[in-house]
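Peer 1: Okay, predicted coordinates and the sequence, questions at the end:
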Amino acid sequence: MAKVLILTAGYGEGHNSAARALQSAFNEKPGVEAELIDVFALRAPRINNLSRKGYIKLINSAPKIWSWFYQWLDRSSLVPHLFWLLGSHRRLLARIIAEQRPIALVSTYPVYAWMLNRLQREGLVRCPQYTVITDALTINSLWYRARSDAWFVTDHDSAAFLKAKGLPESKVQVSGFPVALRFADRPDSWQPPEPSAAKPFRVLFMINSGRSAAIEIARALLQNSNWHITFTAGRDEELLNELRRMAEGAPARAEILGWTDRIPELLMNHHVVISKEIVAVLRRASENNGDLWRKWRTNLIRIARPAAARQIASFVLEAESAKSAPRLMPDPVVRNRALPV
């Protein structure tokens, strides 16, 4: 059984969601087994949990400070020296690689490439490593300052950005963002209805953080009688109950959900998904039977790559088989379906 290790971290759900999608795509391949590895959680689980909570609190309560720090990480020549502090994490990663003997390493978090570069110089890692970038357009240099056998990006603009930074064109692959395979395999029923006066405009509000601001947004959303609002509150029982109280007697129709595994379905059968204050934009999107929304949908259909995880898995495995860098498979034909914003 050929082993592939997918390296991720819990600092932002995007890293983990991409990693899970890639794991599913690799595990579809005969004779391949993919495993998710979060060295930060394995090495020091309590510290990892505290740092993750601190990260979430920082980006929600002091976004300007986080923005400044993120820009400093992008520019500073001191950043590589900070990774020396992760010596114990690097040694743990080396032990895992020695035990698992993977044919390839795929990272969805930028710090791993720095660790792997060091381990490669020490002769402790010999298999190829690949980086799946979860940033887009203007990409932090942490993603590309460390060597990788290939970088996978979401779109052609992101690829052009990396090429302008000096990365070899042959090593930058436009794959799309790896999403759950259920998006690529979705049934025909997973699409929103055409907007009309007779059918409500369906809005999905996924509340992940910033609870106080979310309540104000929810209150504003519930005032429009032409909308159907679906709220997801996760495992926050207090928030769940408060949303239920707010929805009683509100002009908008509402569905209140706690934790759910239906997220791919919900994303596909609503017209828009929001997580910030954009009520005015939603009003414009739903006016005139959704003319603005139709323009958004047309643009999204043109760039959608729901099979991104499978494309990346195929690229990595073909590269290992051929001992060369093959081209990505042609873009799949995207069916004319409504995609969420």
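Peer 2: Thanks, I have it. Just so it is clear, the structure is predicted and the values come from calculations on it, not from any experiment.
Peer 1: and the gap between Ser61 and Gly54?
Peer 2: Computed as Cβ to Cβ, to the nearest Å, the Ser61 to Gly54 distance reads 10 Å. In short, each C-beta sits where N, CA and C put it, glycine included.
Peer 1: And the strands in the protein?
Peer 2: For the chain, strands defined by DSSP state E occupy the ranges 2-7, 32-37, 104-107, 129-132, 150-153, 172-174, 201-206, 227-232, 253-257, 272-274.
Peer 1: Identify whichever of these lies nearest to Leu86.
Peer 2: strand 2-7 (12.9 Å; Cβ to Cβ).
Peer 1: Need the contact partners of the closest one.
Peer 2: 19, 22-23, 26, 31-39, 93, 96-97, 100-109, 112, 316-317, 320 (Cβ atoms under 8 Å, 6 or more residues apart in numbering).
Peer 1: what angle sits between it and strand 32-37?
Peer 2: Calculated by axes from the mean of the first three to the mean of the last three Cα atoms, to 10 degrees, strand 2-7 forms an angle of 20 degrees with strand 32-37.
Peer 1: Pairing partners for strand 2-7, with directions?
Peer 2: Strands that pair with strand 2-7, judged by DSSP bridges, come out as strand 32-37 (parallel), strand 104-107 (parallel).
Peer 1: Please identify the deepest-packed of those.
Peer 2: strand 104-107 (a mean of 26; mean count of other Cβ atoms under 10 Å).
Peer 1: Now do Ala213 against Phe201, distance only.
Peer 2: 22 Å.
Peer 1: So between the two, which is more surrounded?
Peer 2: More crowded of Ala213 and Phe201, by other Cβ atoms under 10 Å: Phe201, with 25 against 13.
Peer 1: So for the more buried one, what's the nearest residue that isn't a sequence neighbour?
Peer 2: Counting by Cβ to Cβ, 6 or more residues apart in numbering, Phe201 lies nearest to Ser286, which is 3.9 Å off, once chain neighbours are set aside.
Peer 1: thought the one you found was touching Pro195?
Peer 2: Yes: contact status for Ser286 versus Pro195: in contact at 6.4 Å, counting by Cβ atoms under 8 Å.
Peer 1: Find the residues that touch each one of these two.
Peer 2: Phe201, His271, Trp293.
Peer 1: what's the closest of those to Arg43?
Peer 2: His271 (43.0 Å).
Peer 1: okay, that closest one: pLDDT?
Peer 2: If you check His271, the pLDDT there is 87.
Peer 1: If I follow the layout properly, it ends up in contact with Ser196?
Peer 2: No: applying Cβ under 8 Å, one finds His271 not in contact with Ser196, separated by 11.6 Å.
Peer 1: partners of His228 in the sheet?
Peer 2: With DSSP bridges as the rule, His228 is bridged to Arg202, Arg253.
Peer 1: so it touches Ala250, yeah?
Peer 2: No: using Cβ under 8 Å, His228 is not in contact with Ala250; the gap is 11.4 Å.
Peer 1: In space, what's closest to Ala41 - neighbours in sequence excluded?
Peer 2: Nearest one to Ala41, counting by Cβ to Cβ, 6+ apart, is Asn48 at 4.8 Å.
Peer 1: Next, work out how far apart the closest residue to Tyr109 other than its chain neighbours and Arg90 are.
Peer 2: Take Tyr109 and drop its neighbours on the chain: the residue closest to it by Cβ to Cβ, 6+ apart is Ala9, 4.1 Å away. Distance from Ala9 to Arg90, counting by Cβ to Cβ: 14 Å.
Peer 1: Then Asp149?
Peer 2: Relative to Arg90, and taking Cβ to Cβ, Asp149 is found at 19 Å.
Peer 1: Check the offset of stretch 23-32 from the chain's centre.
Peer 2: Relative to its chain's centre, stretch 23-32 lies at 20 Å (Cα atoms, centre = their mean, to the nearest Å).
Peer 1: what's the answer for stretch 295-308, then?
Peer 2: For stretch 295-308, the distance to the chain centre is 16 Å (Cα atoms, centre = their mean).
Peer 1: again with stretch 256-273
Peer 2: For stretch 256-273, the distance to the chain centre is 16 Å (Cα atoms, centre = their mean).
Peer 1: Flag every buried residue along that stretch.
Peer 2: Neighbour counts over stretch 256-273 (16 or more other Cβ atoms under 10 Å) mark 256-257, 263-273 as buried.
Peer 1: Neighbours of Ser158, how many?
Peer 2: That count, for Ser158 with other Cβ under 10 Å as the rule, works out to 20.
Peer 1: show me the residues around it that make contact.
Peer 2: Ile133, Asp135, Ala136, Leu137, Ile139, Val174.
Peer 1: The closest residue to the third one other than its chain neighbours: how many residues sit nearby?
Peer 2: Counting by Cβ to Cβ, 6+ apart, the nearest residue to Ala136 once its immediate chain neighbours are dropped is Thr154, at 4.7 Å. The criterion is other Cβ under 10 Å. On that basis, Thr154 has 22 neighbouring residues.
Peer 1: OK, contacts around Thr154?
Peer 2: With Cβ under 8 Å, 6+ apart, Thr154 has these contacts: Ile133, Ala136, Val174, Ser175, Gly176, Phe177.
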